[in-house]
Structures are given as C-alpha cells and as structure tokens.
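S.K.: Sequence and predicted structure, then a few things I'm wondering about:
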Amino acid sequence: VGGPQPDLPPEPAPEAPIPETADGDDDPRDTPPTQFFGEEISSETDSILYVIDQSGSMSIKAEPFEDHTGAIVSDGSRLDRAKAELKKSISGLPENFFFNVLFYDECVSNCFQGKVQASAGNKTAAFAWIDAIQPDGWTNTGLAVQTALTDKSNKTVVLLSDGSPNFLDCAMAYVGSSDDHANLIRSENTQGATIN
C-alpha cells in the first residue's frame with residue numbers, strides 16, 4: 001500500500017512509492033554535484049527538486065541518446081530522453097541528499113509527498129514511477145514550479161520544458177502569458193531558490 005496519493009494529472013498517475021528514511025548525517029555539500037543534461041547542478045542545501053514537463057509535445061521523437069544504463073536509444077521521444085537524463089541525475093545524488101520529482105502538464109503529480117533521502121531504495125522507487133509517466137496535455141510551468149517552491153527548505157529546483165507555458169489555471173482553463181507564469185514563480189520563491 002502506497003503513501004498519500006499525488007495530485008493526479010488528467011490521466012491516472014502511478015501510485016506514489018513509500019520512501020525510505022534518512023540515517024546518515026554527512027554534509028552533502030562535501031560531495032561533487034550531480035548533473036542534468038551534462039550540466040553540473042549545485043545545491044546550497046542537501047536537497048534538489050526536479051520539475052519535468054510531460055505535456056503532449058514531449059511525445060515528439062528525440063535524436064538518439066544514451067539512457068541511464070549506457071544503452072543507445074534511437075527511437076525515443078523527448079520525454080524518454082528527459083526520463084533518461086533524470087535517472088542519470090538522480091543516480092548521481094549521494095545518499096545523504098534529499099530529492100523529489102514532479103511531472104506536469106496542466107496539473108502536477110509528485111513522485112513522493114515530500115523530499116526523500118537519495119537512498120538506493122528511494123531511487124529505485126522513483127525510477128519505477130518515472131517509467132510510468134506518459135506525455136499528455138498542455139504546459140502549466142507556473143503551477144509546477146510554484147508547487148516545488150512551496151517547500152521553503154529547498155533551495156534548488158531543476159526545471160525542464162520543451163516550450164513556452166500555454167496553460168495556467170486548471171479551474172478556469174486560463175492560458176496565461178509567459179509573464180503570468182514568471183510572476184507566479186517569483187511570488188512563490190520567497191526562499192530565493194535557484195531555478196536551473
């Protein structure tokens with residue numbers, strides 16, 4: 001039986017895994033930063049939140065890429081490539097780090113109900129959840145990043161999208177401009193988090 005269910009996107013989201021608990025107290029800043037799409041992602045704290053676009057345009061075929069196991073994928077989508085890079089990045093997190101993954105289209109779904117330790121078990125649970133995500137819907141970047149920024153202890157957000165936001169309010173079906181999305185994100189970012 002899983003923990004509390006994440007917010008559901010229009011299609012059923014995979015069940016949230018039950019996280020393992022932290023048992024170490026090493027300083028995570030003593031370890032090298034993880035990477036995402038080959039770029040180093042540094043964090044002032046011991047946590048990172050990934051916010052990944054799963055909108056319909058992510059179904060477009062990607063150029064061949066290497067997955068997290070080193071295999072070459074020649075027939076994958078943009079979302080498949082994002083999942084591969086996400087798994088590589090999560091794999092690179094030290095066990096004394098904490099993380100969560102959010103995917104979004106019009107709505108947002110969370111892998112875990114909050115940040116979890118980057119243990120082998122939590123990484124495996126996250127990978128299974130990530131594998132079940134499918135591309136669908138619009139691009140509500142503002143809501144997704146706002147959701148990630150509600151965790152005021154987190155100072156690092158990794159955002160990936162393949163296009164401009166084109167949806168803002170699920171209740172009102174309001175599209176909103178890029179400025180509307182940016183203003184929503186700025187107003188929530190009271191902790192001064194870095195959004196990569």
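M.R.: Sure, I can see it. Numbers count the residues shown, from 1 in each chain.

S.K.: any idea whether the residue nearest to residue 62 when sequence neighbours are not counted is helix, strand or coil?
M.R.: Once flanking residues are discounted, residue 62 sits nearest to residue 81: 4.3 Å by Cβ to Cβ, 6 or more residues apart in numbering. In short, each C-beta sits where N, CA and C put it, glycine included. Look at residue 81: counting by DSSP: H, G, I helix; E, B strand; the rest coil, its state is helix.

S.K.: and residue 81, what does it touch?
M.R.: 62, 65, 73 (Cβ atoms under 8 Å, 6 or more residues apart in numbering).

S.K.: Next, the last one: phi, psi?
M.R.: It stands for residue 73. Reported as degrees, to the nearest 10, the phi and psi values for residue 73 are phi -110, psi 120.

S.K.: Count the residues that sit near it.
M.R.: Residue 73 has 16 neighbours, counted by other Cβ atoms under 10 Å.

S.K.: I figured it was touching residue 65, is that so?
M.R.: Yes - assessed by Cβ atoms under 8 Å, residue 73 is found in contact with residue 65 at 5.6 Å.

S.K.: what residues are shared contacts of the two?
M.R.: Common contacts of residue 73 and residue 65 (Cβ under 8 Å, 6+ apart): 80, 81, 84.

S.K.: Of these, which is the nearest to residue 132?
M.R.: residue 80 (12.8 Å; Cβ to Cβ).
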